[in-house]
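J.: sequence and predicted structure are below.
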Amino acid sequence: MARATGSETTAGGIFLGKTSYGKSDVRLVKVRRGKDRHELTDVRVDVALEGDFEAAHTRGDNTDLLATDTVRNTVYALAKDHLTGEIEKFGKKLVEHFLEAGPTVERVRVRFTEHLWDRITVDGREHEHSFVRVAGERTATVEGDGSGVRVGAGIDDLLVLKTTNSGWEGFLRERYTTLPETDDRILSTVVAADWTYYDGTDVDFGGVWRGVREQILVTLTDHYSPSVQNTLYRMGKAVLERFSEIEKVHLSLPNRHHIPYDLQRFGIENEGEVFHSDPEPYGLIEGTVERRT
C-alpha cells in the first residue's frame, strides 16, 4: 500500500487540528512489602500525549512517535521505584519522563482512578496484609508541558443516601408538571467531585483527599436539604472553607429517585417505608463552587 504524501494544509484549506494519543486503562497494582506490614495501591492509569504529531497523521511518518505499548510498559517500570506513596507524586514523575522521552511530545496528561482498600480488622487489630474494598474511588490528574505541573484530584462513584430531612417544594408548575411537592423524601446520589490545587508541588495530597471526602459526607448530614442544588453548594462551600489549598471544586450529583410504592390498592398503608428505587431517567445536578478573586 502506498504511503500518504499529503501536506499539512491542502488546496481546499483542510488542515490537521489538535491531536493526542496515549494508553488508557492501564491496570496497576503495587504491593509495598514492609517487614511486618504490606501497603497496597490499586489504580487505573490513563496517559495522553500532546504535541507535534502532524507527520504521523498526514504523511504516515512514525519516526518520532512513542508507541502506546511503550507508554504502558513505562507506567509499570517506573512504578517499581516511584510509586511509593501518593499517586499525584507518581504522576509528576510520569509527566517528566514522557516529556523527556518523546521528541515530539509537548504536553502530558496523566489521570488516575484509584480503587481504595481498607485493612480488615480482626479482634480489634488491623491485619497486616488482608484488605476490604472501600466505597468510592480516588481520582487525580497531573498535567505538565515543561514549564510547570498542574495537579487536580477528585472523588467518584461515592453512593450516599439519607432517609429524611430532604424535600422538593415551591418549584415551577406548568401544564406538563405532574410531580407532587414533598417536604420529606429520600435523598440519594452518587457523588463525583473534582478540584484543582493552587500549588501542585507542596500539598498533603492524601490528607486533603481524605478530608474532602469526610467533609462531603458530613455536609450531607448537617442540614435540611430543600434541593440537591442547595446541598451541592453547601458541600462545595464547606470544602473550600476547610481547605485553603483548593482553588475550586466541581460536583456532579445525579438524583437517584426513591418513589413511595402504591400499597393502597392492596389495602395497605405505606407510611414512608416501602419505596421503588428508580435509577433512570434521573435528574442530574452539576455545579462549580469557587473563590472570588
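T.: Looks like it arrived, so ask away.
J.: pull the distance from stretch 160-174 to the chain's centre.
T.: 26 Å (Cα atoms, centre = their mean, to the nearest Å).
J.: use 507 as the first number from now on
T.: That works, and once the first residue is 507, the last one we named lands at stretch 666-680.
J.: wait, Ser783 touches Arg762, no?
T.: Yes. Assessed by Cβ atoms under 8 Å, Ser783 is found in contact with Arg762 at 7.1 Å. To be clear about C-beta, it is placed using only N, CA and C from the backbone, and glycine gets the same treatment.
J.: which residues are in contact with each of these two?
T.: Ser694 (Cβ atoms under 8 Å, 6 or more residues apart in numbering).
J.: contacts for the helix or strand where Lys586 lies next, please.
T.: Secondary structure assigned from DSSP states H and E places Lys586 in helix 574-588. Under the contact criterion Cβ under 8 Å, 6+ apart, helix 574-588 has outside partners 527-529, 532, 534, 536, 551, 553, 555, 595-596, 599-600, 603-604, 607.
J.: could you do stretch 751-760 as well?
T.: 695-705, 709, 714, 718, 734, 737-738, 741-742, 745-746, 788-797.
J.: tell me the bridge partners for the nearest residue to Lys743 once chain neighbours are set aside.
T.: In space, and not counting its chain neighbours, Lys743 is closest to Val795: 5.8 Å by Cβ to Cβ, 6 or more residues apart in numbering. Counting by DSSP bridges, Val795 forms beta bridges with Val755.
J.: okay, now Val795: neighbour count?
T.: 19 (other Cβ atoms under 10 Å).
J.: and the pLDDT for it?
T.: Val795 carries a pLDDT value of 97.
J.: tell me the contacts of it?
T.: 738-739, 741-743, 745-746, 754-755, 757.
J.: which of those residues are buried?
T.: By neighbour count, with 16 or more other Cβ atoms under 10 Å, the contacts of Val795 hold 738, 741-742, 745-746, 754-755, 757 as buried.
J.: low-confidence bits of the stretch 507-656 of the chain, can you list those?
T.: By pLDDT under 70, the low-scoring segments of the stretch 507-656 of the chain are 507-517.
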